[in-house]
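> just a sequence and a predicted model for now, questions to come.
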Amino acid sequence: MNSVASHKFSAQARLAAFLMAGTMLAGPALAQGVQPPVVPAPTVPAPAPEAVPAATTVRSITVTGNQRLEAQTILSYLRLRVGQTYNRATLDQALKDLAATELFKDFQISDDNGALTIQVAENPVINRVILEGNKRLKEDKIRPEIKLAPRQIFTRSKVRADVARIIELYKRQGRFAATVEPKMVSLDQNRVDVVFEINEGPKSKVRQINIIGNEKFSDGDLKDEMATKESGLLTILSSNTSYDPDRLAYDQQKLRLFYLSNGYADFRVISAVAELTSNKQDFIITYVVEEGERYKFGKVDVESELRDFRPETLKTLLPMKEGDWYDAKQVEDTVESLSETAGLFGYAFADINPEFRRDPETRTMDITFNVAESPRTYVERIDVNGNTLTQDKVVRREFRLNEGDAFNSFGVKRTENRINSLGYFQENLEIERKEGSAPDRIILETNVEEKPTGELSLSAGFSSIENFLLQASVRQRNFRGLGQQLQASVNYSSYSKSIELGFTEPYLFDRNISIGGSIYRRDLNSFNFVGNDRRTTFGQVTTGAQVTVGVPLTEYLSAFGRYSLNYDDVTLSRDPADGFYFGGQCDILRAGRYLCDAIGTRTTSLLGFTLAYDDRDNRLRPTRGQSLSISQDFAGLGGSVKYVRTRLSGSKHFNLGSRFILNISAEGGYIYPFGGRPTPTSDKVRLTDRFFLGEPQMRGFDIRGIGPRVIRFTDVDLTDPANPILNADLSNRRNLFDDALGGRAYYQGRVEVDIPLGTGAKELGLRPSVFLDVGSVFSVKRPTLTTLASFKDPTDNLTKFLCRNATTGVQQFATRDLNTDGTPNGNSYTTCPTGFSQLAPFEERFYGDTWMPRVAIGAGVNWNSPFGPFRIDFAYALRKEEGDDTKRFSFNVGTQF
């Protein structure tokens, strides 16, 4: 038995050495839990001097200690068989075979003169895999990288591999100081919980960027070209301050492009080194560059083998001229432009190669653009892939090319814009061009990634216009995958309520004809302030329906027709505190004649059309192109309202470069009335049909803050009734009765620049802009006003309070107040007879009916917050007219208007 013990010890020693070597290569050691994952090799007595025979025959093989694994399964991993001869090397190999299975935490082979006993201790089964300490990386990002899973056999090698994978994930996030400590918690029935304790550590920032060798451009100029930014207060919102090896390589290309675009054709980056500081929290990046000499363009020529390409004509269109500083970006753009031009003639695979001839002595770069011969191509097939919900025809009907047509690059680009404008798929979709079955055939492949088109929103918010508001809406922009739109919405706020149901079919019977309809009920209230309280003036309840039909006339020109039937009910507030009614009738003294003329019910039968031109690259968020539309609505085919309303609108969008977008828009309108006036003193166009202007269309002014209005002043000093003093101060609007009247005509213009932000701010959904708004609303019949003269007693020509009987409506002037002894109290005329109530003197003034423009400038930002869209604007009115109501700050949360 001494020889058996000797052999057992030898195998254990070699196995321990094998496992130890694996441990040293694997990285972090497995921490101890309740039970260590690997039982150390036992200490055995020193072997006796007897040796194992050189070769012995296996008489029997017995397996002990196995719990889950069958003995025959374990034997299948070994090369030992009953009846074969074996020696020490054979048993050593058997131990290695058992170790290679990674199924056992301990194993040994005992030899009793050919009777072999294999004693094993199985590795435990994993019960759970637990992650602790991960906050920056959620479990759904880590678990797909972990290979350990419940009900698998626990092995140290798998644990070490998973630790390495988790650390690599954190390195990709810029957290190079992250550590992972695995622990094992032993359970009954030979089960374990594996716990990965993660210490994420801080994000490793780029502390400093050093550039060595630059003489022509400053460090700041070169750092501005890089995507990687140094960490600091100015870049606190940017995600580009973390170290990323891929971004480091990208920055080298950016530096090279910058120098090549400025004429330095020999520029190269000699080295780029990123050093991690000792605390693993920051990186210091050092670039060593060689600028070289600056070159100019020499002779620039074009050679073409295409019959449609005349070199003489193309040469005149080249942007670079001999003697200009060399610009590699300009050369690249020229190649792209020539390729697009060739595509217009049907050459999809035009081969355009610029040939460079550098002259170091004169420091010039001669270029010849070689246009090689290629066949005119035709569209062999159009493939649409990736659409699971959207039907093929919804995508194919947006194609401006059909199978069998001559290829045209403009048609492909237009198709990309139209598909992107649908809003059903990923942004910036591109159509791939692949070679067909012959050299003159091309396959257009569209790989789409569908995004959700159904919207269910329940939101509440607060706006500076309407205080509390609630919105609930259901909309499906791609109903049944046919591109149909179905929507239902409910809006509620303190001063507006609406409900609407609508449906639109963009391609009726698979023809390019759109048809849509909606039914709605809208309850809108107009209001002003009395002190700090809002006072509702008039309310308008509109119940109606609309049908719209549209048809394209050309690629960019479309015509739309519509018919709507509305029933309007306009009322004044019956709140006794407002006092608009007296004796069941509208009180002109309290409400004003212009409001009393507006109340009543009416039916509007409206027939209209719109002619629209639109070649913008994206209708949702355009970056270039323009739109123009003219629309007219005719009221009078039945109903009680008769007018013609005309509107014009247009917009132009410019890409200024560096992601700056300039948006210019203008619109205007006029209402021409037919028929007589609703009342002898009113305008022919009813109050509720006129144009209004203010927030949110014109920032810098309050809602309906621009245009004709009647302001009632009630602050009258009657200390001297013979000389009443009116306080006509417009600065404190909340002490005035301010009623906007609107106008028959309006115009409005806007210039706005979208400002790009860093990646961090972009990820937060921030989109700032600066703007200039200009506009006016005007042209209304001057209303009949009530002034202080109405309160002058003709008997003594003194201004007095007017008293009115609450039952009969009889009015008479107040008498002089008396002292307790019955003597008159100075010049105070405020005493009303019994049964009469006092009406305070006031004066109404008419303001704002002028075409002169109002101008406001400001800045704002859109934020797609977790609570819904948020818009904040700060604007300052550069030019206003007397009576206009300005407002510098406005915000809106929870919905957009």
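Yep, that arrived.
> mind listing the residues bridging to the residue nearest to residue 889 when sequence neighbours are not counted?
What sits nearest to residue 889 in space, not counting adjacent residues and going by CB to CB, 6 or more residues apart in numbering, is residue 874, at 5.6 Å. All C-beta spots, glycine's among them, are computed from the backbone N, C-alpha and C. With DSSP bridges applied, residue 874 shows beta-bridge pairing to residue 859, residue 889.
> how about residue 651?
Going by DSSP bridges, residue 651 is paired in beta bridges with residue 627, residue 665.
> so what pLDDT did it get?
Among the per-residue scores, residue 651 holds a pLDDT of 95.
> so it versus residue 740, what's the distance?
Using CB to CB, to the nearest Å, one gets 27 Å for the distance from residue 651 to residue 740.
> between those two, which is the more surrounded one?
residue 740 (26 against 18; other CB atoms under 10 Å).
> in terms of helices and strands, where is residue 849?
Element membership of residue 849 [criterion: DSSP states H and E] is none; it lies in no helix or strand.
> quick check: phi and psi on it?
The phi/psi pair for residue 849 (degrees, to the nearest 10) reads phi -90, psi 80.
> contacts only, for the closest residue to it other than its chain neighbours.
Excluding its sequence neighbours, the residue lying closest to residue 849 (CB to CB, 6+ apart) is residue 708, at 4.2 Å. Contacts here follow CB atoms under 8 Å, 6 or more residues apart in numbering; on that basis residue 708 touches 740-743, 777-778, 780, 846-849.
> what about residue 879, how many residues nearby?
By the other CB under 10 Å criterion, the neighbourhood of residue 879 contains 12 residues.
> looking at it, it is touching residue 855, isn't it?
Yes - because the distance of 4.2 Å satisfies CB atoms under 8 Å, residue 879 is recorded as touching residue 855.
> re the thing from before, please report how far the residue nearest to residue 889 lies from residue 58.
According to CB to CB, residue 874 and residue 58 sit 91 Å apart.
> and what of residue 109?
In this structure, residue 109 lies at 11 Å from residue 58, with CB to CB as the measure.
> what do you get for residue 228?
Look at residue 228 and residue 58: by CB to CB, they are 66 Å apart.
> for residue 778, same thing?
111 Å.
> between the two, who's got more neighbours?
A direct count of neighbours by other CB under 10 Å for residue 778 and residue 58 places residue 778 higher, at 21 against 17.
> what residues does that one make contact with?
By CB under 8 Å, 6+ apart, the contact list for residue 778 reads 707-708, 743-746, 848-851.
> hang on, the earlier thing: any common contacting residues for residue 109 and residue 58?
Counting by CB under 8 Å, 6+ apart, the contacts common to residue 109 and residue 58 are residue 116.
> and the contacts of residue 778, which are buried?
Among those, those buried by neighbour count (16 or more other CB atoms under 10 Å) are 707-708, 743-746, 848-850.
> output those residues as CSV; include the columns pLDDT and distance to residue 507.
Written out in CSV, the entries for those read as follows (pLDDT from 0 to 100; distance: CB to CB, whole Å):
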residue, pLDDT, distance to residue 507
707, 92, 42
708, 93, 45
743, 93, 40
744, 94, 39
745, 96, 38
746, 96, 35
848, 90, 47
849, 92, 47
850, 93, 47
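> show residues contacting stretch 561-581.
The set of residues that contact stretch 561-581 without belonging to it, under CB under 8 Å, 6+ apart, is 535-550, 586-587, 590-591, 595-596, 598-610, 639, 687-688.
> what do you get if the cut-off is 6 Å, keeping everything else the same?
536, 538-544, 546-549, 587, 590-591, 598-599, 601-609, 688 (CB atoms under 6 Å, 6 or more residues apart in numbering).
> so which of these belong to strands?
Of the positions in the contacts of stretch 561-581, 536, 538-544, 546-549, 601-609 sit in strands, assigned by DSSP state E.
> in ChimeraX, select just the buried ones from the residues you listed.
Here is the ChimeraX selection string for the buried members of those, based on 16+ other CB under 10 Å:
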select :536,538,539,540,541,542,544,546,548,549,602,604,605,606,607,608
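> how near is the closest residue to residue 162 other than its chain neighbours to residue 124?
In space, and not counting its chain neighbours, residue 162 is closest to residue 146: 4.9 Å by CB to CB, 6+ apart. Distance, residue 146 to residue 124, using CB to CB: 17 Å.
> show me where this structure has helices.
In order along the chain, the chain carries the following helices (DSSP state H): 2-26, 71-76, 88-101, 139-142, 156-172, 219-225, 245-261, 311-317, 328-344, 392-396, 409-422, 588-591, 593-596, 759-763.
> residue 800: which of those is closest?
Evaluated with CB to CB, the helices of the chain place helix 588-591 nearest to residue 800, the distance being 14.8 Å.
> any idea how far the closest residue in space to residue 406 that isn't next to it in sequence lies from residue 374?
Nearest in space to residue 406, with sequence neighbours left out and distances taken as CB to CB, 6+ apart, is residue 346 at 4.4 Å. When CB to CB is the yardstick, residue 346 and residue 374 sit 10 Å from each other.
> likewise for residue 134?
Residue 134 sits 55 Å away from residue 374 when distances are taken as CB to CB.
> now swap in residue 845 and tell me
77 Å.
> what of residue 340?
Here the criterion is CB to CB. By it, residue 340 lies 15 Å from residue 374.
> so the two - more neighbours on which side?
residue 374 (17 against 14).
> ok, that one - contacts?
Taking CB under 6 Å, 6+ apart as the test, what residue 374 contacts is 347, 349-351.
> out of those residues, which are buried?
When burial is judged by neighbour count using 16+ other CB under 10 Å, the buried members of the contacts of residue 374 are 347, 349-350.
> for residue 401, give me its contacts.
Under the contact definition (CB under 6 Å, 6+ apart), the residues listed for residue 401 are 379, 411.
> recalculate using a threshold of 7 Å.
Counting by CB atoms under 7 Å, 6 or more residues apart in numbering, residue 401 touches 379, 408, 411-412, 415.
> any idea which of those has the most stuff around it?
Most neighbours among those, by other CB under 10 Å: residue 379, with 23 neighbours.
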